[in-house]
Each structure stands twice: as structure tokens, then as C-alpha cells.
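Chemist: the amino acid sequence is not available; the structure is as follows:
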């Protein structure tokens, strides 16, 4: 199969090797060979073997020797297919591959390239891409189960329509682009036609608007001239009246100068006395503070004296108790000494009595008896020498042990008495310590309470002080801000008057909300100038709820003669929507409406005031948007430069800068409120001096409590030391007792054991004595020798017993005496320590008393000084009252004579205010005319209106003007007010005489009504003044667009025609193949599935999915097959054999459309049983003929026996090639 696929041009990916060079045969490799890095085999250890078993390997065709290997592997491989057509002509197709992977193609031994080779195959209906001439092993089921898109692609390959796919896609894309371009040009043309129609209508509106505007301008000029004439008239009349009043004021001032001099002299005397009073008050406060400090110092001293006296009484009481204890202990020592003397005297008397008694009771034996006794005793000693010796030794040891036991018993009794005494002392000391601890706890509790109170007072004072400091710092900061704001902020009288007027209207009419600049605020300070410029004449416009409220406010202004104002009623104001394309048009541009913060209630008013005005970061951005982008909106830069809708520019410093500073007014008002709040908080803070005095008192009380606590703790420490000492003594006694008791018990036990041993040995000795002294005792009439010896030794024994008793009694008294003597000494030392502590406290009390007396003496001295200062202060205050009375009298005289001056000055001030108001109104009117470009009639000598500054403030003094030496400020202030006219002289000749004489509000209302009527007409027109220019531009653009549209339409038509041609050709090829295959697949499947049981066979068909008649190749094809006697199921649900039959039916139907001269089937029957194999063999046999040859690779005998020829392929090892063995079966088949 690899050879057939290779020679017919199938790609290596469909073969059983990853590279074509792997198809070159390499021969066998012996077990003794080694594989090199290049994959070649070398000889084994003996060097006798190569790939072919020949030691003399032949060279290749080029005569080159093998470089590394001794194998005779071929370097090339080839396959040749010999094809004979129906006419009997024979063609030889040969393909060669080298070991380097290069291919060579030959047709009839003529070398051709791959393209010509493929074309020659396609000429014989052998389609390499469609692979209509072979089916690989394992591809059968995949062909039946492939997706609709893959099946469609297979049909396209067979039909040849796939070759037009690339051109089809390209032409479709070009056609779509051309159609889209045509639609775009068409929409552009429609838009331009609509613009032309709109601009034509706007041109008519602009012409009508210009006529009305001229009439309105004439009415405005008349109204302005009338107002300016009235202002000029009032200024001239008021100036003459001011001059007359100023002369009167000068005369009155000369009269009151002498009274002012007397007042100044009286004030100087009052100030001198006032300084003396303040000095005395300061001295009094300082002395009182010193007294308070000394008295505060007395509090801890008194407390210390009280504590020391209490401790002294306690020490004295304790000394008396300990002294009493010492006397008791001394008496006990004396009594023990007496008892010891009595015991010693009794012992001496007994010894004398014992000597006399022994002489009376002794029985005298004869010398013979004594000699016999001694002889017998010697005999006994001989017979019981060892036992007697042990008895003697044990007896001596017994005496020693008895004395030791007695001493140990005495020690145990003594230690038990001492332990009881120590327990009693410890109990007493612990009780005293518990009482002292209770006292410490109470004092500590009082100290904690006092500390909390002290800390609270201190904390409150510190917090108050800190709060005061913070408030003072805040107040200073606020004052600095107010000062800075006042330095850069100047308000004219007109502005103040306007502000008062708005406040009055707010009180009178609830619907008045405020001025526009009061209801909004720029989001950042950098927008101040831009927003104020953008608002323009609407900056001071007043926002009201309804139109009715606006009319009421206008009537109020007219009645009160408070000037005019613009009102924006929220209920009737009309605004134009902002075009959506303006937002985000440029990164350095934003709508003015987006740069301010305001309440949503005022959105319509802000939209009306700002409209579509843009705020740009710089002038270049504004020019780009207005001149290049042609945005129909006013553009304002951050520095206040304006580009109007008409294209004209306005810049420089003017009213907008002052308006921008008005937003600081609200901040300044807030600062004043903050200042008042801080000052109120400062007044509410507690007095610092009172807090300090309370703190000092608490500190003194706390110091006294802490001293008491210290003394109590010292006492507890002393008791703890005594307790520790007693515990150590108790521990020592317990240790001695614990050591003595076991020794005593052990020694007593040992003594008992010793006595038993003595008794045992004494019994043995007694037996010997009874035996030896038997005759001696009978003769002397004794029961035994021991009775004799007892009578003679009882006195000695009694003597020993008595001596032991006296010794024990004396030892006990001596031990008691030593313990009591030691305790007496310790008690004496305690008495001495307590007396020393008492002495120290007495010395401390004496020193504190001396310190107290010194402080009290100093306080007395300070009190005397305070009394003296108070006396002097009373005298000074009395003198100060006299001086103040004189100053008051002189001031009344000056005030009395100044009333006339003040009256005249008030009249002058009223006249000056009137002049300034009219001058400001005149300046404001002229400034308004300049800004709004109203042309006023001027005389020939007059300066033009352009010289008028737009940021000057009328009637305000120059703060930086230099003072003139010797000039009286009061006289200077009475000079004639200066009214600047800037050289502008208006020509009032054109003003009607009736208008000059009539200054009533009704006349102004008549003029304003005429202007308002014209404004109302103009507001209804709202024309586009640039409509003429834009109409011409739109017509020119229409001509260019028409040409572009015709060209786009022609291009779209051409590309569509080309696309339709390719589509029709591709659809024709596809439909032709589809119809043929669809018609053939049903009968083919019936033939393959027909049997005796199912004569009709199964059914199969192709179903087109999601495709239309024009583009059937874009949809998918679904292949359905239903085996006989089975219901419809999806292809994936069929068995392997059923899928194979369905796939073969599809392949045979496809092959019937474009039949190749031969059809190679590689083991397609692997999944079929014998019955189905027989059906396939029958179909192949029936359809094989002169034009169709089936080459089947199979392992089933059902195909073998039905074939016409068998071909076997084997390998010729010697020739390094393959060989074919054939067997013609036709002669064995029945004809």
C-alpha cells in the first residue's frame, strides 16, 4: 500500500513513515553489529559481518567507499506503476526517493516535475487531493462518520468546486467592501442635502433677525443715553451741595479744637493713674500667689507631723509592750537561777545522807567468808569469764547510752517548748502585719482615689490648655486667611448694594434662590476665571422658582429704584440640548457645565447660562476646535480668553477676574463664622488659675497620703523582717527537733536491745554463780549470791539513780536558762531598736515643727504686705475714679460741640454716596456699553469708548497713595469727591427734551418695555448667523460627494458581477456532483445490503443542511443510512460492520461520479462478517469492467475466491528489492 501511495503522489503524512527517506530499504543488521550515531551498523569484534553477510562490500554507483559502515545499504529506492488504458496504450509512472529525502518523477522514463506528474495523473481521473482511487486501512468508518462540513468539502474536492474557493472568498470580500463604501457615500450625500435645506431656511431667519436687531440697538442706545443724562445731572447737583457743606464743617472744626486739647490732657493724667493701679494689682496678685504657695507647702508638713506623731505613739506603745515582755523574761531567768541553786543544794545534802546510811546498813562478814567469797568469785570468773566480761562491757555501755538517751530527751523537750514559743510569736507578728496591710490597702485606696481625682483635674486642665492652644492656633490661621482674602478682595459700593438687594428679595419673596455665581462653584480653582468668563452677563443673574416671582422682583426693584437685574425662572426657562458628540471630543476640552458643582434643582438655569460653552486648557486647543473642527460653540480658556461662535476673540484682564474672586466671598463668610465659633469656644473654656489652685490642693493631699503609705509600708517591711527572722529560728528549731527525735527513738531502741543482751548474759553468769555459790549461800542463809550482792550493792545502785536524777534535773534547768537568757537578749535588742525609731521620729517632728514655724512666719509677713498693698490700691483706684470723671466731663463737652459737625458730615456722606452711586452707575453703564459694543453718540472732543477700563472701581481710595506732610486727614476727607469720566463726553443733543426732563420710573419702564418687546421677538428667532457660509460650503461638498458616489456604485456593480460568475460556476460544479452522488448512493447501498431475507435491502441518502440554492457548498451534508429491518438511527449508533457497508456505499457512489481507472481498497472488509464480505465481493465483481479495476488488499477468503487474480509481494534479500508473485484465477472459475 505504501508503494502504490508513494508512486501515485500521496503525501508522506498518509504513509507509515514520518519522512519519505525512511522508505529506502536498509537491509538486515546482525546481532554482532553496532549501531553508530548516524544509524549505520559497523562490524562486530571479529569484523567478519556486514549487512549482507559479504565481507567484500561493493561500492555504490558513484564508486565512493562507505565512510563509516561496512554495510551495502542502497542509497535510493523507486516504485514504478505500469498503467494500460482501454485503448491498450501503456504508461509507466516512476517515482524515486533518495536517502536525503529528494524525489524524482518520470513518465515513460522521461523526467518531469511534480506538477506535470500530478496533471498526468489527473488526466486519467486519478485525483490525488480527493484520493478517489484508494481507501486506506481504518479510513472506512471515518468516512461514514465524518462531520457535515467535512463531507461537503469531500464533495467539493470530487466536483472540482474547491479550486474556486480562494477566488470566491476574495471576490466576496471585495464585493462586500464595495457595497459598504457605496452605502456610506449614499448616506453622506443624503446628509449634505439635508444640511443644504436646513442652512437655506436658517439664512432667511438670519436676515429677519438682523433687521430686528438694528431696531433693538436703537432702543438700547436711547435708554442708555437717558440713564447717563440723569446720572450726570445728579452728580453735578450733588457736587455743588457738597462744596457748601464742606465750608461749614471747616468752621465747626476750628471751634472744637481747644476742647479736644483739654480732653487729651485729662486722658494722659488718667492713663498715668491707671498704670499705677495696674502695677499695684499685679503686685497684689504676685503676693497672694506666694501666700497660696506657702500655705500649700504647710499642708504636707502638717500631714507629715501628724503621721510622725501617730508613729511615735505607736512606737511608744510597742516599746512598753516589749519592755513588759522583757521584764517577764528577766523574772523567768532569775527564777531558773534560783531553781538551779536549790537543785545543787539538794544534791549535796543527799550525798551526805547517803554516806551516813551506807555505814548504818552495811553487814560485816568474817575474813574467812570474805576470803571464801573472793575465792568463789574467782572461780565464777574463771568459769564465766567471757560472759561476765560481756556483761561488764554491756553494763558500761548501758550507762553511757542511758545518759545519752536522757540528754536527747531533754533536748527534744526543750526544742518543743521553743517551737511552741516561736509559733505564738509568729501568730502575733502576722496579726500585726495583717493590721498594717489593711491600713496600707485603705491608704492605697485613698491614694488611688486621690490620684484619679488629681489626674482628672490635671487632664482636664491639660486638655483645656491644649484645646485653648489649638483654638488659638486655629483662630490665628483663620485670621490670617481673612487678612489674605481681604487684601485680594475689594467690593464696590454697587456690589455691596446688589448683594443687599438680593438678600432683601430673598426675605420678601420665598421663590428667590440667589444669584448664579452663588448657586454654583467651580470644581477646581483653575476653572474660576474660565467659568466666570463663560457665565458672562449671566454671572449676576438671579435664579427664581417661577416667572411670577421674577415679575414681582422686577416691580420691587422699580418701586425701590434699586436698579435692574436679570432673572432666570426655573419653570419657564428653555434650554437647548447639548449635542452628544461634544462630550469627549478632545482630551483638553470639557463642557463648562461639567466644570462646576451645583444642586440638580438648578440644572436648567445652569444649562441656560452656560449652554454649549467649552472650557479648554489652552488657546491652541480652543483654536483647533473652533477653527479646524468648526465646532459651533463658544470656547473659553483657563486664563479667560474667549473665542465666540462668530470666530472673534476676546482676552485680557477685566470684569471676569473680579467675578472669579467673588467665589471667595462665600469662603470668607464661612471664615468669619468659624472665627466667631472659635471665640465662643474660648470664652466657654474654664479658668486656668482656678484649675491650678485645685490641682495644688489635691497634690498636697496626695503627698500626705503617700507619706502615710510609705511609713505604713516601712512598718510592714520591719514586721516582714521580724517574721522572716522568726521563721528562720522556727525552721532551725524544727530542723533540730526533727534531727533529735529520730536519734532519741533510735538510741532508746538500742538501749532496750542492750538491756536484753545484758539480761541474757547475766542469766548465764547467774547459772554459774548458783552452781559455785550454792554451799556458800546455804551456810549464810541467802537464797542466792545475788541477794547477798544486792544487799551489799543496793546502796550503790540507789546512789547511782539519785545522781542520774539530779544530773537530768540540773541539765534541764541549765538548758532552759540558756534559752531564756538568749530570748531576753533578743527582746532587749528589740526594745532598743524601737526606742531608736521613736527617737528618729521625735527628731523628724522637731525639724518639721521648725519648718512649719518658718513658713507660718513668712505667710504672716506676706499677709502684712498684702494689707499694705490693698491700702495703696484703694487710694489709687479712688484717684483713678476722679481722673475718669474729669475725662468723661471733657468728652461730653467735645461730643456736645461735635454734634453739629457730625450732622453736617452725615449730610456730606449722603451726598458723596449719592455721587459715588451715580458715578458707579454711570461707569457701569459705560462699561456695559463697551463690553456689549453699544455705539453711543460722542462729541468731537471726547475720547473713544475704548479708553474706558473694564476693571476700575469707582469711588474707592488708593490705599497705596503717599500721605502729604502736615495734611489733616479730616480736612482731606472733606474735599470734593473725584468722579473720573476718562475724557468721555457724551453728545445728548439727539436725546429728546421730554426724556431729559422726565426722570420718573415710568419713563424708564416705557423704554425698557420697548427693548423687552424687541428682545422677545429676537429670542423667538434664534438664527444661525453662519448659515450663508455654511450653505456655500455644503453645496461644494455635495458636488464632490456626487462624483465619489457614482464611482463607488460603479465599482460595487463590477465586483458583484465577478463574484456572481464565480459563485454560479462553483455552485454548478457542486450541484452536479451532489445530484449524481445523491442519486447513486441509494441503489448502491441497496445492492450492498440486499439478501434473501431482505430483498429490498436498506436505504441511504444525503441531506443538505443550512444551505440555499445559490450557495449549497456553504452548508453541510448529512449522510444517513438505515440497514434492513432497522429503524432510523444516527451514523454513530451503527455497528462497525454497518458503518463499513454505509461507508463503502458512499465511496462507490462518489467513485461513480469521477471514476478512476482503478480503485485500491486496503482491508476495508476487516469489520465485516462472511455474509457482508460476500455481498461486497459480489458488488465488486458486478461493477468491475474494462473501465474500472478494483485492487483489494484483504485477508478474507470470501474475496480471494471471487477475485480474478491474486498478487503477492515479497522481498528479494539478495537484490535489495521487492518482487511480485501473481496467480490468474480466471481459468479456474466457471465461465
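Modeler: All right, it came through fine. This structure is a prediction, so every number in the text was calculated from the model and none was measured.

Chemist: so the residue lying farthest from the centre of the chain is in which element?
Modeler: Distance to the chain centre peaks in the chain at residue 368, reaching 130.6 Å (criterion: Cα atoms, centre = their mean). Element membership for residue 368 (DSSP states H and E) is helix 367-383.

Chemist: ranges for the helices of the stretch 501-650 of the chain?
Modeler: In the stretch 501-650 of the chain, the helices defined using DSSP state H, counting those that start in this stretch lie at 516-519, 528-535, 547-560, 603-610, 619-623.

Chemist: mind giving me the packing neighbours of the first one?
Modeler: Applying 3 or more Cβ pairs under 8 Å, 6 or more residues apart in numbering; DSSP states H and E, one finds that helix 516-519 makes contact with helix 528-535, strand 542-544, helix 603-610, helix 655-684. C-beta: built from backbone N, CA, C; applies to glycine.

Chemist: quick check: mean pLDDT of that helix?
Modeler: Helix 516-519 shows a mean pLDDT of 87.

Chemist: just read off the phi/psi values of residue 1158.
Modeler: Dihedral angles phi and psi of residue 1158 (degrees, to the nearest 10) take the values phi -140, psi 160.

Chemist: that one contacts residue 1187, correct?
Modeler: No: if you go by Cβ atoms under 8 Å, residue 1158 and residue 1187 don't touch, sitting 10.0 Å apart.

Chemist: any idea how far the closest residue to residue 149 other than its chain neighbours lies from residue 1144?
Modeler: Of all residues not flanking residue 149 in the chain, residue 1116 sits nearest, at 5.2 Å (Cβ to Cβ, 6 or more residues apart in numbering). From residue 1116 across to residue 1144, the span is 22 Å (Cβ to Cβ, to the nearest Å).

Chemist: the two - which one has more neighbours?
Modeler: residue 1144 (26 against 16; other Cβ atoms under 10 Å).

Chemist: returning to that earlier point: who's the residue nearest to residue 149 bridged to?
Modeler: Taking DSSP bridges, one obtains residue 1105 as the residues bridged to residue 1116.

Chemist: go on, the one 5 residues further on?
Modeler: Under DSSP bridges, the beta-bridge partners of residue 1121 are residue 1100.

Chemist: helix, strand or coil for the closest residue to residue 4 other than its chain neighbours?
Modeler: What sits nearest to residue 4 in space, not counting adjacent residues and going by Cβ to Cβ, 6+ apart, is residue 1160, at 5.8 Å. Secondary structure, DSSP: H, G, I helix; E, B strand; the rest coil: residue 1160 is strand.

Chemist: isn't residue 1160 right up against residue 1189?
Modeler: No: between residue 1160 and residue 1189 there is no contact under Cβ under 8 Å: 9.3 Å.

Chemist: same drill for those two, tell me which one is more crowded.
Modeler: Between residue 1160 and residue 1189, counting by other Cβ under 10 Å, residue 1160 is the more crowded of the two (20 against 15).

Chemist: what is the neighbour count of the closest residue to residue 248 other than its chain neighbours?
Modeler: Nearest non-adjacent residue to residue 248, counting by Cβ to Cβ, 6+ apart: residue 904, 5.2 Å away. For residue 904, the tally of surrounding residues (other Cβ under 10 Å) stands at 19.

Chemist: and if you look at residue 440?
Modeler: There are 20 residues near residue 440, going by other Cβ under 10 Å.

Chemist: is the residue nearest to residue 4 bridged to anything, and to what?
Modeler: Residues in beta-bridge contact with residue 1160 (DSSP bridges): residue 134, residue 1191.

Chemist: who's the closest spatial neighbour of residue 824, skipping the chain neighbours?
Modeler: Nearest one to residue 824, counting by Cβ to Cβ, 6+ apart, is residue 329 at 4.4 Å.

Chemist: so is the one you found in a helix, a strand, or just coil?
Modeler: Under three-state DSSP, residue 329 falls in the helix class.

Chemist: same deal with residue 1165?
Modeler: Per three-state DSSP, the secondary structure class of residue 1165 is coil.

Chemist: give me every residue that touches it.
Modeler: For residue 1165, the contacting residues are 1140, 1172-1173, 1176, 1192, 1194, 1196, 1198-1199, by Cβ atoms under 8 Å, 6 or more residues apart in numbering.

Chemist: give me that answer again for 10 Å
Modeler: 140, 1137, 1140, 1144, 1172-1173, 1176-1177, 1192-1196, 1198-1199 (Cβ atoms under 10 Å, 6 or more residues apart in numbering).

Chemist: what two of these are the furthest from one another?
Modeler: By the measure Cβ to Cβ, 1137 and 1193 form the most distant pair in the contacts of residue 1165, at 18.4 Å.

Chemist: outside of stretch 867-884, which residues touch it?
Modeler: Applying Cβ under 10 Å, 6+ apart, the external contacts of stretch 867-884 come out as 266-281, 283-288.

Chemist: try it again at 6 Å.
Modeler: The contact list for stretch 867-884 (Cβ atoms under 6 Å, 6 or more residues apart in numbering) reads 269-270, 273-274, 276-277, 280, 283-284.

Chemist: and those, which are buried?
Modeler: Listed as buried from these are 270, 273-274, 276-277, 280, 284; burial here means 16 or more other Cβ atoms under 10 Å.

Chemist: domain ranges for the protein?
Modeler: The chain resolves into domains spanning 1-23+75-124, 127-158+1066-1224 when parsed by the TED database.

Chemist: if you compare these, which one is most tucked away?
Modeler: Highest mean neighbour count among these (mean count of other Cβ atoms under 10 Å): domain 127-158+1066-1224, with a mean of 17.

Chemist: fine by me, we can end here.
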